[in-house]
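Chemist: fold the following for me, if possible:
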Amino acid sequence: MLTAARLGAAALSAALLTGIAAGPALADVPPPTIPDGLYGKSDPTYDGVWRQSLALTALTAAKITPADSAVGWLTGQQCEDGGWPSYRAPGAACDPKFEDSNATAVALQALIALGGHQPAVDKGVQWLKTNQNADGSWAYNPGNPGDANSTGLVVNALFAARTDPASIAKPGTGGAAGKNAFDGLARFQLGCSAPADQRGAFAYQPDQVAGTLTPNTLATAQAALAAAGGHLPVATSVRADAAPKALACTDGSAPTTVPHAEAGEAVSSYLAAQLASGGEHLTLTTPGAEPKPDYTATAWAALALTQSGHPDQATDAVDWLEGQSATWTKNGTDAAATATLLLVDQAAHRGDAALTDQLTALGPAPKAAAASPATTAAKKKGGDGFGQFWLIVVGLLVGVGGGLLLSLQRKRNPNL
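Modeler: Numbering: from 1, shown residues only. Below is the predicted model of the structure:
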């Protein structure tokens with residue numbers, strides 16, 4: 001079970017964003033066999049549900065009907081209480097300590113995209129409600145302090161389930177109203193008391209001693225889609241004419257938290273500035289390691305900017321991600337990365353057939369796939385040609401038959 005200290009580590013924050021959580025030491029345990037129906041061939045212990053959910057969401061958005069075994073694997077991972085763990089080995093019992101909000105949130109978004117799984121969705125939403133913290137946030141594993149990444153993902157799932165996050169709150173003490181999901185998300189966002197170039201960003205968690213907030217690239221990108229009111233898959237035609245608005249602050253009257261109505265624009269402004277100054281990508285910085293490009297955070301930033309109505313500010317980042325596709329997706333063998341990039345392309349209205357094929361190849365053969373416009377046109381053309389061919393054949397047969405009939409009549413009646 002994760003501890004607060006381990007949850008607060010920057011390195012683990014990076015892992016959480018890709019659906020990987022710390023767990024018991026497994027040095028002496030051989031990696032599990034890859035189950036039938038699961039996308040990807042790597043060890044699923046920490047990201048099985050995460051990558052499966054992203055894959056199913058992206059393929060469904062591409063009008064591909066996944067195999068029953070792929071959907072069945074995901075639904076089979078759900079525990080009786082409604083939550084999902086990162087991965088549950090075949091035949092293993094559910095352990096509430098290892099159910100997590102991230103896996104549950106993305107699994108719900110996948111099942112909602114697929115349709116036809118309302119009972120599982122209802123149970124999952126109830127699990128999220130049950131495991132909300134009193135401050136309105138969610139932790140990776142229940143019982144721990146909340147974090148921006150997990151809270152953002154849960155808000156995404158609530159939006160997907162058509163559940164108003166403002167209505168989800170634990171009862172307060174003495175009958176007072178509790179903090180809702182938007183309140184929980186707001187407690188991680190830097191407001192007017194922060195330096196101007198940090199306003200709108202999200203911290204992973206408040207400092208455990210001082211309670212201060214420090215911008216975290218991964219947390220910001222992860223929480224931004226929720227602040228913008230979105231979920232997976234991102235499919236919006238909203239477009240703002242202007243660049244995102246920075247948080248409006250006036251001396252002496254700054255609110256302690258960012259108002260919900262301004263949260264999406266504030267984080268979009270911060271992300272747009274970070275992308276513009278960082279070569280159109282975000283950078284991962286962890287203690288003791290050299291800074292390096294953060295593909296996943298950049299992808300979530302692009303999704304959030306598109307959702308908030310600022311696709312122009314995301315365009316160059318999408319171009320950069322596409323240019324880094326082979327590296328990030330490991331030539332199409334990393335299911336989570338491939339699915340995330342496909343979701344980004346779909347949000348940007350750039351249907352990528354090659355990327356779709358790569359993701360499809362990482363799992364069981366789909367039940368059905370939507371025909372591309374070119375294929376549909378070819379079939380139509382072929383169908384028309386086939387019909388015209390038989391029209392000619394029938395016409396010839398009628399003509400030949402008529403000629404034979406006339407010849408026979410002349411033999412019987414020479415006067416014809």
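Chemist: please make it C-alpha for all contacts and neighbour counts, starting now.
Modeler: Will do.
Chemist: give me the residues contacting stretch 320-340.
Modeler: Residues outside stretch 320-340 that contact it (Cα atoms under 8 Å, 6 or more residues apart in numbering) are 18, 39-42, 50-52, 54-55, 58, 280-281, 295-296, 298-299, 341, 355, 358-359, 362.
Chemist: out of those, which are buried?
Modeler: Among those, those classed as buried by 16 or more other Cα atoms under 10 Å are 18, 39-40, 50-52, 54-55, 58, 280-281, 295-296, 298-299, 341, 355, 358-359, 362.
Chemist: one step back: in helices, which of the contacts of stretch 320-340 appear?
Modeler: 50-52, 54-55, 58, 295-296, 298-299, 341, 355, 358-359 (DSSP state H).
Chemist: which among those gets closest to residue 128?
Modeler: If you rank those by distance to residue 128 using Cα to Cα, residue 50 comes first, at 16.3 Å.
Chemist: would you confirm that the closest one contacts residue 107?
Modeler: Yes - the criterion here is Cα atoms under 8 Å, and residue 50 meets it with residue 107 at 7.2 Å.
Chemist: can you show me the strands along the stretch 251-400 of the chain?
Modeler: Along the stretch 251-400 of the chain, the segments classed as strands by DSSP state E, counting those that start in this stretch run 282-284, 292-294, 368-369.
Chemist: is it possible to get CSV of those strands that adds mean pLDDT, mean neighbour count and distance to residue 221?
Modeler: Below are these laid out as CSV (pLDDT from 0 to 100; neighbours: other Cα atoms under 10 Å; distance: least, Cα to Cα, whole Å):
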stretch, mean pLDDT, mean neighbour count, distance to residue 221
strand 282-284, 95, 22, 9
strand 292-294, 97, 15, 10
strand 368-369, 80, 13, 32
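Chemist: can you lay out the ones you listed as TSV showing distance to residue 204?
Modeler: As requested, the strands of the stretch 251-400 of the chain are arranged in TSV below (distance: least, Cα to Cα, whole Å):
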stretch	distance to residue 204
strand 282-284	13
strand 292-294	16
strand 368-369	39
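Chemist: quick one: closest of those strands to residue 82.
Modeler: In terms of Cα to Cα, the element of these nearest to residue 82 is strand 368-369, at 29.0 Å.
Chemist: what sits up against the closest one?
Modeler: 63, 64, 65, 66.
Chemist: given that strand, what are its sheet partners and their directions?
Modeler: Taking DSSP bridges as the criterion, strand 368-369 forms sheet pairs with strand 64-65 (antiparallel).
Chemist: buried subset of the contacts of strand 368-369?
Modeler: 64, 65, 66.
Chemist: Provide a list of residues in contact with the spatially closest residue to the last one that is not a sequence neighbour.
Modeler: Put plainly, it is residue 66. The shortest distance from residue 66 to any residue other than its chain neighbours is 4.4 Å, reached at residue 366 (Cα to Cα, 6 or more residues apart in numbering). With contact taken as Cα under 8 Å, 6+ apart, residue 366 is in contact with 64, 65, 66, 67, 360.
Chemist: could those go into a markdown table alongside distance to residue 204 and pLDDT?
Modeler: As requested, the contacts of residue 366 are arranged in a markdown table below (distance: Cα to Cα, whole Å; pLDDT from 0 to 100):
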| residue | distance to residue 204 | pLDDT |
| --- | --- | --- |
| 64 | 35 | 97 |
| 65 | 36 | 97 |
| 66 | 34 | 98 |
| 67 | 37 | 98 |
| 360 | 33 | 98 |
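Chemist: follow-up on the earlier one: and residue 182, which of the strands of the stretch 251-400 of the chain is closest to it?
Modeler: Residue 182 sits nearest to strand 282-284 of all those, at 25.3 Å, using Cα to Cα.
Chemist: which helices and strands does that closest one pack with?
Modeler: On a contact count with 3 or more Cα pairs under 8 Å, 6 or more residues apart in numbering; DSSP states H and E, strand 282-284 meets helix 217-227, strand 292-294, helix 295-307.
Chemist: now the ones you listed as TSV including distance to residue 143?
Modeler: As requested, the helices and strands packed on strand 282-284 are arranged in TSV below (distance: least, Cα to Cα, whole Å):
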stretch	distance to residue 143
helix 217-227	20
strand 292-294	29
helix 295-307	26
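Chemist: those: which one's closest to residue 345?
Modeler: Between residue 345 and the helices and strands packed on strand 282-284, the shortest gap by Cα to Cα is with helix 295-307, which sits at 9.3 Å.
Chemist: I'd like the distance from the closest one to the chain centre, please.
Modeler: Taking the mean C-alpha point of helix 295-307 and that of its whole chain, the gap between them comes to 10 Å (Cα atoms, centre = their mean, to the nearest Å).
Chemist: same question, stretch 294-311
Modeler: 11 Å.
Chemist: list the buried residues of it.
Modeler: Along stretch 294-311, these residues count as buried under the neighbour rule (16+ other Cα under 10 Å): 294-311.
Chemist: now do residue 232 against residue 77, distance only.
Modeler: Applying Cα to Cα, to the nearest Å, the value for residue 232 to residue 77 is 20 Å.
Chemist: nope, residue 41 is what I meant
Modeler: From residue 41 over to residue 77 the distance is 18 Å, taken as Cα to Cα.
Chemist: center of the protein - which residue?
Modeler: For the chain, the residue sitting closest to the mean C-alpha position, by Cα atoms, centre = their mean, is residue 232 at 4.3 Å.
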